[in-house]
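Chemist: Build me a model:
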Amino acid sequence: MRMYRIVGACILLACCFGCASGPAPERSPGYIRQSLRHLNKGAALYAKGCFPSAMAQFMAANEGYSAADHMTGVAASLNSIANVYYQLGDLESALLVFDEAIELFRIQKDLSGLVRATANKGAVLIADGQLDEARAVLDQADLLAKEAGILRALRLKNRALLLMRRNDSAGAKKLLEEAVLLSGKHGGDQYAAIHYTMGRLLLSDGNPARAMVHLNLSLETDRRGGAYFAIGEDLAALGNGCMQMAQYDQAVSYFKRSLKIFALLGNAGKVAQLRGSLEEGAARSGADIRVSLQWVDRWLAGGQEANLCR
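Modeler: Just a heads-up that it's a prediction; the model follows:
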């Protein structure tokens, strides 16, 4: 998602050089700028975890770009729309829209966009349990990325997810270790996602102490980026790690914080998924969680003074 900020910075830099060496480039038409504003607004909302609000912005961007026959914008907005469908659990729609985005990136010979959309499609196939199809798509992404540095960390993470689904923990760990080294050069959401995945893998292997190191790195990065949804997932995973280590007081603290975030985002599914974990931790620790659950229920019902998804 952040590539559009990079593009904007490059355009600004080109304008600065243009002032020194010749006429400034022609300004984009207003309707293109408006679509880009929708795309950037959607990216900011997506990063927070405000998926329905992000979808509205990406749809608006797609409509504007489609009306103008701006193929680059159409492909980018479709890739973003497919990502939201994935986050909302509509895997069938995500796959269909990724296919459309992939076709447009291919027509435009946009290698970076093509590799990203293909790798994203592979992740959806893994989530859908279509593991053989996912492997073929990830093979295709690797073949397209002839230059070793093109989105390699993302591709390694998705390969690791596939191996995790096949119960090959050792192979997944090896790929994630390489991805961690690569992502450390860039930081940001990719860095956080890889450490989060490594943490989840170590939890599933019964190694919570090492998992906590990676999950805390993910949490620190997501906090800096204001990625509310990702922060909630980090906290929930940290709570699970504490449960494995019989540190029930700490687990309750993590689960309460996670639940509050998902309630503020209006994500009833995540709240329902985590509520049982909080109640189990409270039963084991003797903690009183009634006040926290009152806040969670109030916010989930829409009783909020702040709108995080504005």
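
Chemist: Quick one: list the elements packing against the host helix or strand of residue 269.
Modeler: Counting by DSSP states H and E, the element that carries residue 269 is helix 268-285. Packing partners of helix 268-285 (3 or more CB pairs under 8 Å, 6 or more residues apart in numbering; DSSP states H and E): helix 228-244, helix 248-264, helix 290-300. Heads up, the C-betas are built off the backbone N, CA and C, glycines and all.

Chemist: Serialize the ones you listed to JSON lines and add fields for distance to residue 113.
Modeler: Below are these laid out as JSON lines (distance: least, CB to CB, whole Å):
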{"stretch": "helix 228-244", "distance to residue 113": "23"}
{"stretch": "helix 248-264", "distance to residue 113": "31"}
{"stretch": "helix 290-300", "distance to residue 113": "37"}
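
Chemist: and residue 61, which of those helices is closest to it?
Modeler: helix 228-244 (20.6 Å; CB to CB).

Chemist: can you give me the mean pLDDT across that closest one?
Modeler: The average pLDDT within helix 228-244 is 98.

Chemist: How much space separates residue 55 from residue 174?
Modeler: 36 Å (CB to CB, to the nearest Å).

Chemist: same thing with residue 163?
Modeler: 9 Å.

Chemist: and those two? which has more neighbours close in?
Modeler: Neighbour count, other CB atoms under 10 Å: between residue 163 and residue 174, residue 163 has more, with 22 against 15.

Chemist: quick one: low-confidence parts of the stretch 1-150 of the chain?
Modeler: For the stretch 1-150 of the chain, residues meeting the criterion pLDDT under 70 lie at 1-28, 147-148.

Chemist: Could you give the separation of stretch 129-149 from the chain centroid?
Modeler: Taking CA atoms, centre = their mean, to the nearest Å, one finds stretch 129-149 lying 19 Å from the centre of the chain it belongs to.

Chemist: buried sites along it?
Modeler: 130, 134-135, 137-138, 140-142, 144-145 (16 or more other CB atoms under 10 Å).

Chemist: Could you do stretch 63-80 as well?
Modeler: Neighbour counts over stretch 63-80 (16+ other CB under 10 Å) mark 64-65, 70, 73-80 as buried.

Chemist: List the contacts of the helix holding residue 269.
Modeler: 89, 232, 236, 239-240, 242-243, 248-249, 251-252, 255-256, 258-259, 262-263, 287-289, 292-293, 296, 300 (CB atoms under 8 Å, 6 or more residues apart in numbering).

Chemist: can you tell which of the helices and strands packed on helix 268-285 is closest to residue 204?
Modeler: Nearest to residue 204, of these and by CB to CB, is helix 228-244 at 9.8 Å.

Chemist: Quick check, pLDDT for the closest residue to residue 296 other than its chain neighbours.
Modeler: Using CB to CB, 6 or more residues apart in numbering and skipping the chain neighbours, the partner closest in space to residue 296 is residue 263 (4.4 Å). Listed pLDDT for residue 263 reads 96.

Chemist: mind checking how far residue 263 is from residue 210?
Modeler: In terms of CB to CB, residue 263 sits 30 Å off from residue 210.

Chemist: The contacts of helix 268-285, buried ones only, as a PyMOL selection?
Modeler: Restricted to buried positions by 16+ other CB under 10 Å, the PyMOL selection for the contacts of helix 268-285 reads:
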select buried, resi 232+236+239+240+242+243+248+251+252+255+256+258+259+262+263+287+289+292+293+296+300
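
Chemist: rewinding a little: and the helices and strands packed on helix 268-285: which comes nearest residue 189?
Modeler: Checking the helices and strands packed on helix 268-285 against residue 189 by CB to CB gives helix 228-244 as the closest, at 7.4 Å.

Chemist: how many degrees apart are that closest one and helix 248-264 in direction?
Modeler: Inter-element angle recorded for helix 228-244 and helix 248-264: 160 degrees (by axes from the mean of the first three to the mean of the last three CA atoms, to 10 degrees).

Chemist: Quick one: residues contacting residue 50.
Modeler: Counting by CB under 8 Å, 6+ apart, the residues that residue 50 touches are 228-229, 265, 308-309.

Chemist: can I get the residues you listed in JSON lines with distance to residue 96 and neighbour count?
Modeler: Shown next, in JSON lines, are the contacts of residue 50 (distance: CB to CB, whole Å; neighbours: other CB atoms under 10 Å):
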{"residue": "228", "distance to residue 96": "28", "neighbour count": "21"}
{"residue": "229", "distance to residue 96": "24", "neighbour count": "20"}
{"residue": "265", "distance to residue 96": "26", "neighbour count": "23"}
{"residue": "308", "distance to residue 96": "30", "neighbour count": "17"}
{"residue": "309", "distance to residue 96": "26", "neighbour count": "16"}
